[in-house]
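Engineer: My questions are about this predicted structure, shown below with the sequence.
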Amino acid sequence: MIKIGSYTKEAIKHFKNPHNYGQMKKYDGLGKAGNIVCGDVMYLYIKIGKDEKGREIIKNIKFETYGCLAAIATSSVITDLVKGKTIKEALRFNRQEVVDSLGGLPLVKIHCSVLAVDALLEAIHDYLSKNKKPIPKKLQEKHQRIKKEKKEIEKRYKEWERIDGKIRKKQDL
Ligand code: FES
């Protein structure tokens, strides 16, 4: 039998009181990511500053998502993890570390953690490309994968809208 598991206290704490939730009006990088499994989306904003050594760091970060409890909790925790970190350090975070910071996630919710990580990568990619800075090869590859998945989700939404429109028309709603 597959053990589905439940949310940890830490995940629920972040969900009930998400850190850095909201919109950022003046940002340096914006990351939009979609979850290929469920179709949920997320926006993540970063503001870049410098530390005392003159290195570029993520000075401020905010996120908005339509995702579930797991998506909100992982997004909240990732903003805590990367705030104040250099871009290089932020790029090193992977999904497992984010999930571990919450003490784990139910098995069926692991895919939700993709949103936070992908949106962060996209925000950094956006900042680097807008400022004509070198983009690491690995980040370029991940950007291509995320772009492809976003297209797939858009396609699905269009199809759902088409079907929904047809049903509503039939039912005269
Ligand atoms: Fe979509 Fe969790 S079910 S992000």
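Structural biologist: Right, received. Where do you want to start?
Engineer: Got the phi and psi for residue 61?
Structural biologist: phi -150, psi 140 (degrees, to the nearest 10).
Engineer: Leaving out sequence neighbours, find the closest residue to it.
Structural biologist: In this structure, residue 61 finds its nearest non-sequential neighbour in residue 79, 4.7 Å apart by C-beta to C-beta, 6 or more residues apart in numbering. Every C-beta, even on glycine, is put in place using the N, C-alpha and C of the backbone.
Engineer: That neighbour touches residue 14, doesn't it?
Structural biologist: No: counting by C-beta atoms under 8 Å, residue 79 stays clear of residue 14, with 9.8 Å between them.
Engineer: So which residue is dead centre in this structure?
Structural biologist: Among the residues of the chain, the one closest to the centroid is residue 116, at 2.4 Å (C-alpha atoms, centre = their mean).
Engineer: Is whichever helix or strand residue 164 is part of positioned near the ligand?
Structural biologist: For residue 164, the enclosing helix or strand under DSSP states H and E is helix 137-171. No: under the criterion of C-beta under 6 Å from any ligand atom, helix 137-171 makes no contact with the ligand; the nearest approach is 11.0 Å.
Engineer: The residue nearest to the centre of the chain - that's part of a helix, no?
Structural biologist: Yes: under DSSP: H, G, I helix; E, B strand; the rest coil, residue 116 falls within a helix.
Engineer: now it: how far from the ligand?
Structural biologist: To the ligand, residue 116 is 9 Å away according to C-beta to the nearest ligand atom, to the nearest Å.
Engineer: so where does the residue nearest to residue 61 fall, helix or strand?
Structural biologist: Using DSSP H and E, residue 79 sits in helix 69-82.
Engineer: How far does that helix sit from its chain's centre?
Structural biologist: 8 Å (C-alpha atoms, centre = their mean, to the nearest Å).
Engineer: List the buried residues for it?
Structural biologist: Residues of helix 69-82 classed as buried by neighbour count (16 or more other C-beta atoms under 10 Å): 69-79, 81-82.
Engineer: The ligand contacts on this protein?
Structural biologist: Checking the chain against the ligand by C-beta under 6 Å from any ligand atom, the hits are 35, 38, 40, 67-68, 70-71, 112, 115.
Engineer: most neighbours, which of those?
Structural biologist: Highest neighbour count within those, by other C-beta atoms under 10 Å: residue 115, with 30 neighbours.
Engineer: and residue 140, what does it touch?
Structural biologist: Residue 140 sits next to residue 125 when contact means C-beta atoms under 8 Å, 6 or more residues apart in numbering.
Engineer: repeat that with 10 Å
Structural biologist: By C-beta atoms under 10 Å, 6 or more residues apart in numbering, residue 140 lies in contact with 125, 128-129.
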